[in-house]
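Visitor: Here's a sequence, model it:
(chains A and B)
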Amino acid sequence: KAGVTQTPRYLIKTRGQQVTLSCSPISGHRSVSWYQQTPGQGLQFLFEYFSETQRNKGNFPGRFSGRQFSNSRSEMNVSTLELGDSALYLCASSLEGLAPDTQYFGPGTRLTVL
Amino acid sequence: AQKITQTQPGMFVQEKEAVTLDCTYDTSDPSYGLFWYKQPSSGEMIFLIYQGSYDQQNATEGRYSLNFQKARKSANLVISASQLGDSAMYFCAMRDSGGGADGLTFGKGTHLIIQP
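Guide: As a prediction, this is how the structure comes out:
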């Protein structure tokens, strides 16, 4: 069974631009979560989608948004990029998104904002 | 609010030795799940092992075992017979039974280096 895939793997953008990241979950998984990883803040939860609905949201500004499609694939969008948005963005999928479901992570998208 | 504390920023261990990575947690929810992930330099988070708060026995997965001490709110990862390929960042994480309003809560991680 294929794992979680994320595209693109690397991105370089400039301040003020917007970016869209994509995540394809493991087949059969209906929950997709997004995390931001930075050296200073560590791993922080962005949001979780289940059945095309945002179920949970972390403490991030409205510039960060996402959506989920009927095939469970998910995208996240960051508008008006800031230097501090440079990070590794990790997507994780799980069956239903509830404990004790295990979240399986993709390889991440490394975003650099110049 | 949930909190995970990993007190060892870095560890050097000789190959073939056993390793214990510390993790303490805090939550007010009586039902929760604890996870350990490995993150090599490539960046991907690899799931290692899971322990539920009501599990009576400590979880084991191959060379990985979880030393779960509920009263002490501790969930240490034990790696037996360490290998060079075990060199990576290791993260302890938790989520409460309700799904967790904040997704998985992670610790700061431990950077493990296995020396030949």
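
Visitor: Centre of the chain to the host helix or strand of A:Gln36, how far?
Guide: Per DSSP states H and E: A:Gln36 is located in strand A:31-38. In terms of CA atoms, centre = their mean, to the nearest Å, the centre of strand A:31-38 is set 4 Å apart from its chain centre.

Visitor: mind listing what's buried in that strand?
Guide: A:Ser31, A:Val32, A:Ser33, A:Trp34, A:Tyr35, A:Gln36, A:Gln37 (16 or more other CB atoms under 10 Å in any protein chain shown). Where C-beta positions appear, they are placed from N, C-alpha and C, glycine not excepted.

Visitor: got the residues of chain B near chain A?
Guide: For chain B, the contact set with chain A under CB under 8 Å from any CB of the partner chain comprises B:31-33, B:35, B:37, B:42-47, B:50, B:52, B:91, B:93, B:95-109.

Visitor: can we see that at 10 Å?
Guide: Taking CB under 10 Å from any CB of the partner chain, the part of chain B that reaches chain A is made up of B:4, B:29, B:31-35, B:37, B:39, B:42-47, B:49-55, B:91, B:93-109.

Visitor: Among the residues you listed, which are located in strands?
Guide: Secondary structure from DSSP state E places B:4, B:32-35, B:37, B:39, B:46-47, B:49-52, B:91, B:93-96, B:105-106 of the residues of chain B next to chain A in strands.

Visitor: which among these end up buried?
Guide: B:4, B:32-35, B:37, B:39, B:47, B:49-51, B:91, B:93-96, B:105-106.

Visitor: For B:Ile79, grab the count of nearby residues.
Guide: 23 (other CB atoms under 10 Å in any protein chain shown).

Visitor: cool, and A:Gly66?
Guide: With other CB under 10 Å as criterion, A:Gly66 counts 22.

Visitor: Who are the contact partners of it?
Guide: A:20-21, A:23, A:32-34, A:46-49, A:54, A:57, A:74-78, A:91 (CB atoms under 10 Å, 6 or more residues apart in numbering or on different chains).

Visitor: rerun at 7 Å
Guide: A:Trp34, A:Phe47, A:Tyr49, A:Gln54, A:Ser74, A:Glu75, A:Met76, A:Asn77 (CB atoms under 7 Å, 6 or more residues apart in numbering or on different chains).

Visitor: ok but it is inside a strand, no?
Guide: Yes: counting by DSSP: H, G, I helix; E, B strand; the rest coil, A:Gly66 is found in a strand.

Visitor: How much space separates it from chain B?
Guide: 13 Å (CB to the nearest CB, to the nearest Å).

Visitor: Count the neighbours of A:His29 for me.
Guide: Applying other CB under 10 Å, I find that A:His29 has 21 neighbouring residues.

Visitor: Check whether it sits in a helix, strand or coil.
Guide: A:His29 - assigned by three-state DSSP - is coil.

Visitor: Tell me the spacing between it and chain B.
Guide: From A:His29 to chain B the distance is 13 Å (CB to the nearest CB).
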